[in-house]
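Asks: Please find the sequence and the predicted model below.
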Amino acid sequence: MNQIFSFKRYILLMKRQFAENKRLYLWGTGGVLAIIVLFFWSISSIIAKSQFYQEAVLTISAYLCLTFYAGTFHEQLGIKRKRMFYYSLPASPLERLAVAFSYVMVLCPVVFIVLFYTADFFAIQIFNSANGTNFPIISIFTYRWDVIYHIVLLMSVFAVCSFSFGTAGIIKTTFAVFVVGLMFIGLYMWLFKSLFQIKDASVILPYASLYLYADDTMLKANNIFSRTWFLLAPLCWVIYYFKLKEKEA
């Protein structure tokens, strides 16, 4: 019998995960839809251009809903009884990792996109009817991919950190992300002040300002640095796997 990965055991784990948390997922789905509708209702009245307010709703609701879902996926493991039962199940670390990845990074985004486009469709019909416009619904394929990756990265961070922290994992993760973010911004500003001899630090934070002060060499270095961010999300899931092995040992 394959002890590393069995597709049959993976499917059984997926079914068990849903069966044990079905009520949470159903309430969560309703909560996500309510948040999206609330954002559409509150923002559409103050932003005139439909395309912009659709992107605003998509960005804000995606950051809130998807990271919260990722952070609460393993929240129940903070309870000792549930944690012991979870690790007593006949499954390998790779299968547990595959289940977590499937729920957090595949199923949840798919459900969110379906809910968003359902709400977006009706919101646009109401908006066009009230304002005499003909705005289309937003296309996910024309959305900013850097924002999408930032959401993917945060989901990965919230998943691995909430799993590592256990009880109150989402609160601890939020605090950790906030602190690390401030440290990164401070380091970013200090480096640019030193490298480009910029006296006014306020011009560093807008990303476009980089192109006003950097030469070709530094722009290439910055592009390389930017691409390394794409390694952080996979790195989070590698850490997740070794954390699983560590806890099972």
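Replies: Here it is on my side, so go on.
Asks: for the chain, what spans make up the helices?
Replies: For the chain, the helices defined by DSSP state H occupy 7-20, 22-43, 50-72, 80-88, 93-101, 108-131, 145-165, 169-196, 210-213, 216-228, 232-248.
Asks: Poorly predicted segments of this protein, please.
Replies: Scanning the chain with the threshold set as pLDDT under 70 gives 1-2, 44-52, 75-83, 85, 141-142, 188-189, 191-227, 248-249.
Asks: at 80 instead, please
Replies: 1-4, 20-21, 41-55, 73-91, 127-146, 166-169, 181, 184-230, 246-249 (pLDDT under 80).
Asks: Closest to the centroid, which residue in it?
Replies: Nearest to the mean C-alpha position of the chain, counting by Cα atoms, centre = their mean, stands Met155 at 3.1 Å.
Asks: That residue reaches Thr67, doesn't it?
Replies: Yes - counting by Cβ atoms under 8 Å, Met155 touches Thr67, with 5.8 Å between them. C-beta: built from backbone N, CA, C; applies to glycine.
Asks: Isn't Gly71 up against Val157?
Replies: No - the criterion here is Cβ under 8 Å, and Gly71 misses it with Val157 at 9.1 Å.
Asks: more crowded one of these two?
Replies: More crowded of Gly71 and Val157, by other Cβ atoms under 10 Å: Gly71, with 26 against 22.
Asks: and the closest residue to the more buried one other than its chain neighbours, how far is that from Tyr10?
Replies: Among residues not flanking Gly71 along the chain, Ile170 sits closest, at 3.5 Å (Cβ to Cβ, 6 or more residues apart in numbering). To Tyr10, Ile170 is 26 Å away according to Cβ to Cβ, to the nearest Å.
Asks: Tyr69 now?
Replies: Distance of Tyr69 to Tyr10, given as Cβ to Cβ: 20 Å.
Asks: now do Phe184
Replies: 36 Å.
Asks: Between the two, which has more neighbouring residues?
Replies: Shown here are Phe184 and Tyr10; by other Cβ under 10 Å, Tyr10 has more neighbours (18 against 10).
Asks: I figured that one hits Val99, correct?
Replies: Yes - assessed by Cβ under 8 Å, Tyr10 is found in contact with Val99 at 6.6 Å.
Asks: Tell me how many other residues crowd the closest residue to Leu13 other than its chain neighbours.
Replies: Nearest residue to Leu13 in three dimensions, chain neighbours excluded: Val99, at 4.7 Å (Cβ to Cβ, 6+ apart). Other residues lying near Val99 total 21 when counted by other Cβ under 10 Å.
Asks: Please enumerate residues in contact with stretch 121-131?
Replies: For stretch 121-131, contacts defined as Cβ atoms under 8 Å, 6 or more residues apart in numbering pick out 37, 40, 44, 50, 54, 133-137.
Asks: got those residues as JSON lines, with distance to Tyr117 columns?
Replies: Putting the contacts of stretch 121-131 into JSON lines (distance: Cβ to Cβ, whole Å) gives the following:
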{"residue": "Val37", "distance to Tyr117": "13"}
{"residue": "Phe40", "distance to Tyr117": "12"}
{"residue": "Ser44", "distance to Tyr117": "16"}
{"residue": "Ser50", "distance to Tyr117": "14"}
{"residue": "Gln54", "distance to Tyr117": "10"}
{"residue": "Thr133", "distance to Tyr117": "19"}
{"residue": "Asn134", "distance to Tyr117": "18"}
{"residue": "Phe135", "distance to Tyr117": "14"}
{"residue": "Pro136", "distance to Tyr117": "12"}
{"residue": "Ile137", "distance to Tyr117": "7"}
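Asks: Show me the two of the residues you listed that sit farthest apart.
Replies: Within these, Val37 and Asn134 form the most distant pair, 22.2 Å apart (Cβ to Cβ).
Asks: Looking at the two, which has the bigger crowd around it?
Replies: Neighbours per residue (other Cβ under 10 Å) separate Val37 from Asn134, with Val37 holding more: 17 against 8.
Asks: just to revisit the earlier point, let me see the contact set for the residue nearest to Leu13.
Replies: Residues near Val99 by Cβ under 8 Å, 6+ apart: 10, 13-14, 17.
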